[in-house]
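Visitor: need a 3D model of the following:
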Amino acid sequence: MASNNHFTNSRSNLSTNSDAAEAARNHQQQPPGVTFARRTSSGRYVNYSRDDLDSELGSVDFTNYTVHIPPTPDNQPMDPSISQKVEEQYVSSSLFTGGFNSVTRAHLMDKVIDSETNHPQMAGAKGSSCAIPGCDVKVMSDERGQDLLPCECDFKICRDCFVDAVKTGGGICPGCKEPYRNTDLTDLAENNNKGQQQRPMLPPPSGGGGSKMERRLSLMKSTKSGLMRSQTGDFDHNRWLFETSGTYGYGNAFWTKDGNLGSEKDGHGMGPQDLMSRPWRPLTRKLQIPAAVISPYRLLIFIRIVVLALFLMWRIKHQNQDAIWLWGMSVVCELWFAFSWLLDQLPKLCPINRATDLNVLKEKFETPTPSNPTGKSDLPGLDMFVSTADPEKEPPLVTSNTILSILAADYPVEKLACYVSDDGGALLTFEAMAEAASFANIWPRNPDSYFSLKRDPYKNKVKADFVKDRRRVKREYDEFKVRINGLPDSIRRRSDAYHAREEIKAMKEQRQNREDEIVEPVKIPKATWMADGTHWPGTWINSAPDHSRSDHAGIIQVMLKPPSDEPLHGDSEGFLDLTDVDIRLPLLVYVSREKRPGYDHNKKAGAMNALVRASAIMSNGPFILNLDCDHYIYNSQALREGMCFMMDRGGDRLCYIQFPQRFEGIDPSDRYANHNTVFFDVNMRALDGLMGPVYVGTGCLFRRIALYGFDPPRSKEHSPGFCSCCFRRKKKKSRVAEENRSLRMSGGGGDSDDDEEMSLSLVPKKFGNSTFLIDSIPVAEFQGRPLADHPAVQNGRPPGALTIPRELLDASTVAEAIAVISCWYEDKTEWGSRIGWIYGSVTEDVVTGYRMHNRGWKSVYCVTKRDAFRGTAPINLTDRLHQVLRWATGSVEIFFSRNNAFLASPKMKILQRIAYLNVGIYPFTSIFLIVYCFLPALSLFSGQFIVQTLNVTFLIYLLIISITLCLLALLEIKWSGISLEEWWRNEQFWLIGGTSAHLAAVIQGLLKVVAGIEISFTLTSKSGGDDVDDEFADLYVVKWTSLMIPPITIMMVNLIAIAVGFSRTIYSVIPQWSKLIGGVFFSFWVLAHLYPFAKGLMGRRGKTPTIVYVWSGLVAITISLLWVAVNPPAGSTQIGGSFTFP
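Guide: The predicted structure follows:
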């Protein structure tokens, strides 16, 4: 176990130890457990950082709840169905903390935020407290949050006090002193939910024993494995299902009493023929590019390749003897540009479009069938990851809106879980997340996006009460924003108040202990305090040991506990009528991994891997979708569209589904190509026709076992290698059990026999020593399989397998999640090197996707009609350059690492390899691009050109190359759907970024590889942008950075060179107009591409003084005249021949 043997895999029960001293004495003999600390009615606070907060009373009155007290004759556990729900209430109301060499603690919280919480799933939800003196624990409640009162006198009592009253108090009610009529909590819950229809549950397996993971893994057991081979040699789960009369549950396999698969009421069984009785319909389909577009496109690529080859040969043969240096530099640059263009263009030969059919998805997974009589969703579980690190740079209001959009996603609520990674461990993020969970009870979606729409919200609305409801929700959201924006001040004031109280208490104690001595000022660390009056275990506002950004404990808080299995309808008591609305919300968990000095935490990649492990313990969704904190769900059905690809035939070989990134808040002209449509709509669609698009960091739906580093199913069948046709290998007999044949993990990406398959006995060395995590792997693999509803579907699962309710959370589960997010867990494992997000690069996303493609997985690009997700992008020039610098630096790191596409395995297709090679090489184009941008100026200064003369051959080649480039651009616009303006903006910023950020990335990468020196380019000053009324005010902010030096130099040199060239030609005795025209043409080509950059330097339109332009012109003219004077034209001894100054 990862938690130092604190817990075992069995279901835990919570029991009460009333004697704290006895518990302390027995601590050495008993295995340590999860300790629940809480505040009692006497006002005493107990938590891991304090023994006594109150300064008025002196005794300590608290209760410890310890995991794993074995059942004894006087301590029999209650019915599991109720005890598990009660324990889940404890878990969801507790803040779990722990880490390296520390006890895992669960701090019971009376409230999470200062404001009131009403949703029954939320931590710290409003509820009655126990009326027993000395106990203020919340009373038992049902799924609606209503109190469960076991006595007719309505005496409020918590679960533990009720158990004590039944077992040790003779079953006497502490309120009315009458015996309880019913001491069975199961019957009590049933009576409380009277009138609610309960869905029949499948019977448990015989014996009912075994741990949670053993029950989950029972689906992998088979007694007829020798008969279960399909035609492909893989384990045939469908055949096993029907021949053994087994039926699958949500992670469990149960045996039916009558031996049939289906409903026990009608006795109707189901066989393989029933699955094939209906016409099989695919979930997705490919939409080929029309031949009238793609055929000319490919022909033009071939023509341009031939013309480029002939042109370069002609250029090499015809040297310019008058300026051999100019000719040499130009030829070298042109050779590199041709090579770079090939790397970019060849992967675009096979672009495709795709479409999904959501109706078929609903029919297959959410329609009543013999295997699913109730029509309950059979879709697999999905874990959503949201990552944030600094609430100052990433506003909590933005993160809150992202969380709200996830909670409103159109996906089965019981199958959805949201995990928020706060890598900064800030209380501000914690309370903002809690506020978002509370607001979701009113309106779970992205309200900021909705209320920011610039259109008439009442147009075409037929319901009369819509206006009233909208105004009420708008008012609630405005108050929500005020609370979120006021959290920093609220936390600071609260912490100051508690700190002052602590100082007063310390001074009183000092005066009592030293009556006659001089009292010195007491210095107490200034802590950050939570809403319930306890220390925040994460990062404090004023950093202290164990409470800084790089030194704090691991934290997990279940903000919204897992929803009930059946719909939970609201009421009409609030200002919105929710009578017919299912008010359940997905599981919402706050996670802040442990950080300690001396450990490399690997930034975002390390945080994502911590979420992968924690989610595997708590919900184990077979699919994972990660979002940045500033990206929200814009299309609520996007998750279903992505699932169409994963659940379709052959979907088990897909490692991830990448959605395009769309942005809001971009200036209408998109000056700096922030939308990046050429990449997302051209390059990514083209890669979709190969092995799939690259992973770009956000908006990506992953298959969990692909992140675990396993090979795709049937990898040997699909990846025979380069020489399989000539040298066939003898197939080795597998030594791995039949049920684990889908879990293959090759070695170094090779194809050797030694890496045929991986035994699960080797898994701990790769994944760490958490048995919970290891046992969850085959479960996630099975649940992520497509439906076996067609003979061609290989490696499928039977229909109705995922309709059983999920396991309830218990303390041991959350404590294990705390253990796997500790700072030491990844030591001596393959996390970050092969498993999960890959470490070692600032662009961990590209490397992670590359590793999956290198193992033979495929990916899919899912472009939805309505944008799937929307986010924000920097519209300021400097911020945009630094963003591009980060991407380019990551590409340089990839080029100099073992993730270089030159070292790819034979499983990667050649065109996909070229695409990844271009990812690592494109920043080096900046070296040649800068040289080529200076060539026109050097030509004008020297009076020479890159060719001897502008003859007809050179002009024809130049014309054909330019025309083919334009035609290719038009055809790309045709099949991708982008506009010509977007294509031109991309070309402009390609030169801007290539002459600034890309060059800096190359220098930075070379210094790091060669000399081990790391440099950074940071902002140094800021000016402008003081207009708060302008939505795009940040566009005009001028922030100086050293990245601007090369483009500015290029512009100034080319402008001066044009003036010098004109002066030289006009005043020459024999003007050489051809060389002037050639130089000026290429100079204007450079300046046209740099126009957005120049516009960004000028700031807001109209703010630049006219004198700047006047002086710029005068300086250019003066320098031009001085150049002509210093270096007059040949055959003249004075400026301009006969021209003289007056």
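Visitor: use CA for all of it now, contacts and neighbours both
Guide: Noted.
Visitor: which strands and helices sit next to the helix or strand containing residue 481?
Guide: According to DSSP states H and E, residue 481 maps onto helix 466-485. Counting contacts by 3 or more CA pairs under 8 Å, 6 or more residues apart in numbering; DSSP states H and E, helix 466-485 packs against helix 396-407, helix 427-439.
Visitor: then the longest one to PDB, C-alphas only?
Guide: Taking Å, rounded to 0.1, in the frame of the first residue of the first chain, the C-alpha atoms of helix 427-439 are listed here in PDB:
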ATOM      1  CA  LEU A 427      -7.300  28.900   0.200                       C
ATOM      2  CA  LEU A 428      -8.600  31.400  -2.300                       C
ATOM      3  CA  THR A 429      -9.000  28.700  -5.000                       C
ATOM      4  CA  PHE A 430     -10.500  26.300  -2.400                       C
ATOM      5  CA  GLU A 431     -13.200  28.700  -1.300                       C
ATOM      6  CA  ALA A 432     -13.900  30.000  -4.900                       C
ATOM      7  CA  MET A 433     -14.400  26.300  -5.900                       C
ATOM      8  CA  ALA A 434     -16.800  25.900  -2.900                       C
ATOM      9  CA  GLU A 435     -18.700  29.000  -3.900                       C
ATOM     10  CA  ALA A 436     -19.000  27.600  -7.400                       C
ATOM     11  CA  ALA A 437     -20.400  24.300  -6.100                       C
ATOM     12  CA  SER A 438     -22.900  26.300  -4.000                       C
ATOM     13  CA  PHE A 439     -24.000  28.400  -7.000                       C
END
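Visitor: contact partners of the helix or strand just after that helix?
Guide: Helices and strands here follow DSSP H and E; after helix 427-439, the next one along the chain is helix 447-451. When contacts are defined by CA atoms under 8 Å, 6 or more residues apart in numbering, helix 447-451 is touched by residues 401, 474, 477.
Visitor: put the alpha carbons of helix 447-451 into PDB.
Guide: Output of helix 447-451 as PDB, limited to C-alpha atoms (Å, rounded to 0.1, in the frame of the first residue of the first chain):
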ATOM      1  CA  PRO A 447     -23.100  32.200 -16.400                       C
ATOM      2  CA  ASP A 448     -20.300  34.600 -17.400                       C
ATOM      3  CA  SER A 449     -20.500  33.500 -21.000                       C
ATOM      4  CA  TYR A 450     -24.300  33.600 -21.100                       C
ATOM      5  CA  PHE A 451     -24.700  37.000 -19.600                       C
END
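Visitor: which segments of the protein make up each domain?
Guide: 89-169, 291-350+925-1126, 376-452+522-713+765-790+806-870 (the TED database).
Visitor: so what's residue 294 up against?
Guide: Here residue 294 is in contact with 971, 975 (criterion: CA under 8 Å, 6+ apart).
Visitor: just the one 10 residues further on next, same as before
Guide: The neighbourhood of residue 304, defined by CA under 8 Å, 6+ apart, consists of 961, 964-965.
Visitor: quick check on those: which are buried?
Guide: 961, 964 (16 or more other CA atoms under 10 Å).
Visitor: pick out whichever of the contacts of residue 304 sits closest to residue 422.
Guide: Proximity of those to residue 422 (CA to CA) peaks at residue 965, which lies at 46.8 Å.
Visitor: spatially, what comes nearest to that closest one if we skip its sequence neighbours?
Guide: Among residues not flanking residue 965 along the chain, residue 304 sits closest, at 7.9 Å (CA to CA, 6 or more residues apart in numbering).
Visitor: with residue 784 instead?
Guide: Nearest one to residue 784, counting by CA to CA, 6+ apart, is residue 622 at 5.1 Å.
Visitor: surely that neighbour meets residue 381?
Guide: Yes: contact criterion CA atoms under 8 Å: residue 622 and residue 381 qualify, at 6.0 Å.
Visitor: joint contacts of the two?
Guide: Common neighbours of residue 622 and residue 381 (CA under 8 Å, 6+ apart) do not exist.
Visitor: which residues touch the helix holding residue 481?
Guide: Residues from elsewhere that reach helix 466-485 (CA under 8 Å, 6+ apart): 396-397, 432, 435, 439, 442-443, 447, 451, 458, 575-576.
Visitor: between the residues you listed, which is closest to residue 818?
Guide: The closest of the contacts of helix 466-485, once distances to residue 818 are taken by CA to CA, is residue 432, at 21.7 Å.
Visitor: next, find the distance separating that closest one from residue 420.
Guide: Separation of residue 432 from residue 420 (CA to CA, to the nearest Å): 11 Å.
Visitor: and for residue 794?
Guide: Taking CA to CA, one finds residue 794 at 35 Å from residue 420.
Visitor: one step back: would you list the contacts of residue 304 in CSV and tack on secondary structure and distance to residue 628?
Guide: As requested, these are exported to CSV (DSSP: H, G, I helix; E, B strand; the rest coil; distance: CA to CA, whole Å):
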residue, secondary structure, distance to residue 628
961, helix, 41
964, helix, 39
965, helix, 36
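Visitor: of the contacts of residue 304, which is the nearest to residue 406?
Guide: Nearest to residue 406 out of those is residue 965 (CA to CA; 42.9 Å).
Visitor: and the residue nearest to residue 838 when sequence neighbours are not counted, how many neighbours does it have?
Guide: Leaving aside its sequence neighbours, residue 838 sits nearest to residue 832 (CA to CA, 6+ apart; 4.3 Å). Neighbours of residue 832 under the rule other CA atoms under 10 Å: 18.
Visitor: just read off the phi/psi values of residue 832.
Guide: phi 90, psi -20 (degrees, to the nearest 10).
Visitor: who wins for proximity to residue 927 among the helices and strands packed on helix 466-485?
Guide: helix 396-407 (38.8 Å).
Visitor: which strands or helices does the next helix or strand after the closest one pack on?
Guide: Once the chain leaves helix 396-407, the next helix or strand it forms, by DSSP H and E, is strand 416-422. Other elements packing on strand 416-422 under the criterion 3+ CA pairs under 8 Å, 6+ apart are strand 382-388, helix 396-407, strand 587-592, helix 603-618.
Visitor: let's see it at 7 Å
Guide: Strand 416-422 sits against strand 382-388, strand 587-592, with contacts defined as 3 or more CA pairs under 7 Å, 6 or more residues apart in numbering; DSSP states H and E.
Visitor: helices or strands next to the last one in the packing?
Guide: Yep, that's strand 587-592 we're talking about. Going by 3+ CA pairs under 7 Å, 6+ apart, strand 587-592 lies up against strand 416-422, strand 554-560.
Visitor: list the neighbours of the last one that are in contact with it.
Guide: To tie it back to what came earlier, the one meant is strand 554-560. Outside of strand 554-560, the residues within contact range by CA atoms under 7 Å, 6 or more residues apart in numbering are 92, 94-99, 121-123, 434, 587-594, 818, 821-822.
Visitor: for residue 667, phi and psi?
Guide: Torsion angles, degrees, to the nearest 10, at residue 667: phi -60, psi 150.
Visitor: now it: how far from residue 697?
Guide: 23 Å.
Visitor: same question, residue 864
Guide: 18 Å.
Visitor: quick one on the thing from earlier: just checking, the residue nearest to residue 838 touches residue 840?
Guide: No: applying CA atoms under 7 Å as the test, residue 832 and residue 840 come out as separate, 8.3 Å apart.
Visitor: so what sits against both of those two?
Guide: With CA under 7 Å, 6+ apart as the test, residue 832 and residue 840 reach no residue in common.
Visitor: can you map out the helices along the stretch 551-700 of the chain?
Guide: 603-618, 638-647, 677-678, 684-688 (DSSP state H, counting those that start in this stretch).
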